[in-house]
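# sequence first, predicted model second:
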Amino acid sequence: MTDVQDSTLALERLSAEELATRFGMARAGARPPLSTYLRDLWGRRHFVVSYTRASNAALYSNSFLGQIWQVLTPLLNAAVYFLIFGYLLKTKKEIPNYIGFLTIGIFFFTYMQNSIIHGARSVTNNINIIRALHFPRASLPLGTTAIAFQQLLASLCALLPIVLLTGEPVRWTWLLLAPILLLESLFALGMALIIARIGAAIPDTSQFLPFVLRTWLYMSGIFYSITVFTKGKPEWVRVILELNPGALYPELARHALLVDPGSKLTPHVWTAAIGWAVFAVIVGLLYFWHGEEQYGRG
Amino acid sequence: MAVADATTPLPQAEPATRAEDRTPVVVIDDVHLVYRVAGRRSRANAPAALYRMLRREQAPGTREIHAVQGVSLVAYRGEAVGLIGPNGSGKSTLLRGIAGLMAPAKGAIYTHGDPALLGVGAALLNDMTGERNIELGCLAMGMTPEEVREHFQGIVDFADIGEFISLPMNTYSSGMGARLRFSIAAAKTRDILLIDEALATGDASFRRKSENRIRELVGQAGTIFLVSHGLQVIRDTCSRVVWLEKGKIVMDGPTEQVVDAYEDKYDPQARTKAAKHPAESSI
C-alpha cells in the first residue's frame, strides 16, 4: 500500500499544484504559450507536408481520371461561367481578353474559397487523430490550406498555356506571381485558421459557408469588371469592392499576366494586399491558438 | 483516500525495481469530471436555438453526468496502473481527463509530458492506408522522417496484419485497427500511455505481445494507465490497481489485493476457476 500512502502524503505535504510545478508538470491538455506553440508547429512541418500529399492522393483515388481533376475542375468552372456570364449575360464587354480575365479570376478566387471550406472541416474531420495524439492542432488547418495551394499550383499548369494561347506575351511581370501567391496564401491560411475554430465549435458552419462564399464570389468581380460595373456609382463603392481581398488578389494576378486587363489598378492595392495578409495570419493564429484546449473535447 | 485505507491492509508488496524512482508523472487532485449529454429533444425552433447559441446557454433537455466525483491519486514514473470497475464507474472518463480531452469541473489534473490515449474503435485517419497511418501518426507524435523510416518496419511487424497494411483503415476489423493503433502509439518511448479497452479486441497472441510491450515501456520509465474488464490482462501487466465505483475510488493498491477483492464482490466463481486454469480466465 506504499503507493497510496506516498501519494496521500505527497498531496498533504505539498498542494497538488506545488508538487506539479516542482516536477515540471503541466495541467492536462493546457494550451502552451504562443512561442512554444509556434515552435511545436514548426517541429510538425513534416507531418503537414505528408498529410497534404496523402490527402491529395486520397482525394481522387476513387475516380477514373484521378489527379487530372485537379486541373479539370477549375477549367470546367471557368467554362460554365464563360457560357453564362461572358456569352449569355455579356459581362465581357470592355474586357479585351475575357478568357484570360475569367480563368485567372476563378483560379485565384477558388484558392481562397477552397482554403476556407477545407479549413472549416479540418478539425471535425480529424477528430480521431486529435483525440488519440498530442500535436499542435494548427497543423490541420495549415495542412488543408497546403492542399488548396497544391491544387492551385496544378491549375496554374493549365492557366499559363491558356494565357499564352489568348495571345499574351511572356513578360517580366509574370514574376510578380510569386509575391502575389505568398500574400494570398498568408491571407488564405489566416482565414482557414479562423474558420477552423468556428467550425470546430459550431458544426453548422459547413452548411452555412457555401452561401457566404457564393455571395463573396459574386461581389468580387470574378466574371465581370468592377470598374465597368460601378460606372456612375459613387467612388467609394468601387474602392471598397476592389480592396476586398476576394477581388484584390485575383486582380493583382491579372495585372501580372495580362497586358491589358481592362482596368487600372486602384492606388494602394499592394498595401492592401500586404495588410490583409498580415492581418489575417496574425488574427488567425492568435484566435486558433486561443481555442487550442477545446479541440477534440465534448 | 480514506475509503481505500479503511478497506485494505498494508502489505509490503512494493517491487524493488522501481523503489528508488519516485518521480510523479500524473497528479490527480480531487477531480470531478462532468459531461453533458443531449437528452430528449425539445420542440425548440430555429430562433430559440440561435438565441441560446448567442447567450451560450445549454440546449433544454441536456443532462449532466457526474462521472468522476472527487478522485485523487498520484502515479509515478514506471508504474502500470490498472483501472477496474463496473460499466459506468467513470474509468474511461478519467482517462479522457488525464489525456486533457475534458476539463475538470473541480480539482486539477497535472501530467508530465503528452499522454497518448488509445480508445476502442477510433482509427487515426480512416480513409488512408495502414502504411500512411503509421507515417502520419509517427510524424504527428513529433518524430523526424528519419525516425519514422527507422521505426516503420518494426511497427508493421508488430501490428502483423499482413496485406491489410496497404489497405485503407476503414476496411479493417476492430481487432486489426486496435493492433495498428497500439503499434503506432507504443512505437515511441513516451511518458504516459492511456489504454482504454484497446487491447480487448486483439487475439490471444497479439494480447501477449502487447502486454510484453507494455512491460517494456514501463521498464523504460513510461507510465501506463490501463482500463480493462479482462482481469487477467490487469493481473499480467499492472503493478497497481485502482477500483472505481460510481466515480469514486473504492480501493487503490497492489494488483493482487485489489483484483482479488474486486472478484470476491463481482465474480466469486472466477477465482476458484482461475486457480484451476490460470490462462483462460480473461474475458
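Nice, I can see it.
# rest of the way, CA atoms for contacts and neighbours
Fine.
# what ranges does the stretch 51-200 of chain A have for its helices?
A:69-81, A:98-122, A:127-132, A:139-165, A:177-201 (DSSP state H, counting those that start in this stretch).
# for the longest one, the distance to its chain's centre please.
It refers to helix A:139-165. 11 Å (C-alpha atoms, centre = their mean, to the nearest Å).
# and for the third one?
Computed by C-alpha atoms, centre = their mean, the separation of helix A:127-132 from the middle of its chain amounts to 23 Å.
# and that helix, what does it pack against?
Here helix A:127-132 touches strand B:116-118, going by 3 or more C-alpha pairs under 8 Å, 6 or more residues apart in numbering or on different chains; DSSP states H and E.
# now with 10 Å, please.
Judged by 3 or more C-alpha pairs under 10 Å, 6 or more residues apart in numbering or on different chains; DSSP states H and E, the packing partners of helix A:127-132 are strand B:116-118, helix B:130-140.
# if you compare the helices of the stretch 51-200 of chain A, which one is most tucked away?
helix A:98-122 (a mean of 25; mean count of other C-alpha atoms under 10 Å in any protein chain shown).
# what is that helix packed up against?
Secondary elements touching helix A:98-122 (3+ C-alpha pairs under 10 Å, 6+ apart): helix A:69-81, helix A:139-165, helix A:177-201, helix A:205-219, helix A:245-257.
# CSV for the helices and strands packed on helix A:127-132, including distance to chain A, mean pLDDT and mean neighbour count?
Below are the helices and strands packed on helix A:127-132 laid out as CSV (distance: least, C-alpha to the nearest C-alpha, whole Å; pLDDT from 0 to 100; neighbours: other C-alpha atoms under 10 Å in any protein chain shown):
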stretch, distance to chain A, mean pLDDT, mean neighbour count
strand B:116-118, 5, 78, 25
helix B:130-140, 5, 88, 24
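# before we move on, back to that, let me have the helices of the stretch 51-200 of chain A in JSON lines, extended by mean pLDDT.
Putting those into JSON lines (pLDDT from 0 to 100) gives the following:
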{"stretch": "helix A:69-81", "mean pLDDT": "83"}
{"stretch": "helix A:98-122", "mean pLDDT": "93"}
{"stretch": "helix A:127-132", "mean pLDDT": "80"}
{"stretch": "helix A:139-165", "mean pLDDT": "91"}
{"stretch": "helix A:177-201", "mean pLDDT": "96"}
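# a strand runs through A:P203, doesn't it?
No. Counting by DSSP: H, G, I helix; E, B strand; the rest coil, A:P203 falls outside a strand, being coil.
# for the helices and strands packed on helix A:127-132, which one sits closest to A:S63?
helix B:130-140 (19.9 Å; C-alpha to C-alpha).
# which elements pack onto that closest one?
Against helix B:130-140 (3+ C-alpha pairs under 10 Å, 6+ apart) you get helix A:45-59, helix A:127-132, helix B:145-159, helix B:174-185.
# out of these, which gets nearest to A:L164?
A:L164 lies closest to helix A:45-59 among the helices and strands packed on helix B:130-140, at 28.1 Å (C-alpha to C-alpha).
# same for that closest one, what does it pack against?
Helix A:45-59 packs on helix A:34-43, helix A:69-81, helix A:139-165, helix B:130-140, helix B:145-159, going by 3+ C-alpha pairs under 10 Å, 6+ apart.
# redo those as CSV? Include distance to B:S166.
As requested, those are arranged in CSV below (distance: least, C-alpha to C-alpha, whole Å):
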stretch, distance to B:S166
helix A:34-43, 27
helix A:69-81, 24
helix A:139-165, 23
helix B:130-140, 6
helix B:145-159, 10
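# quick one, what contacts A:I222?
Counting by C-alpha atoms under 10 Å, 6 or more residues apart in numbering or on different chains, A:I222 touches A:81, A:101-109, A:216, A:246-247, A:250-251.
# do B:W243 as well
Contact partners of B:W243, counting by C-alpha under 10 Å, 6+ apart, are B:4, B:82-86, B:89, B:91, B:249-253, B:258-259, B:261-262.
# if we go to 6 Å?
By C-alpha atoms under 6 Å, 6 or more residues apart in numbering or on different chains, B:W243 lies in contact with B:83-85, B:249-251.
# that one belongs to a strand, doesn't it?
Yes. Assessed with three-state DSSP, B:W243 lies in a strand.
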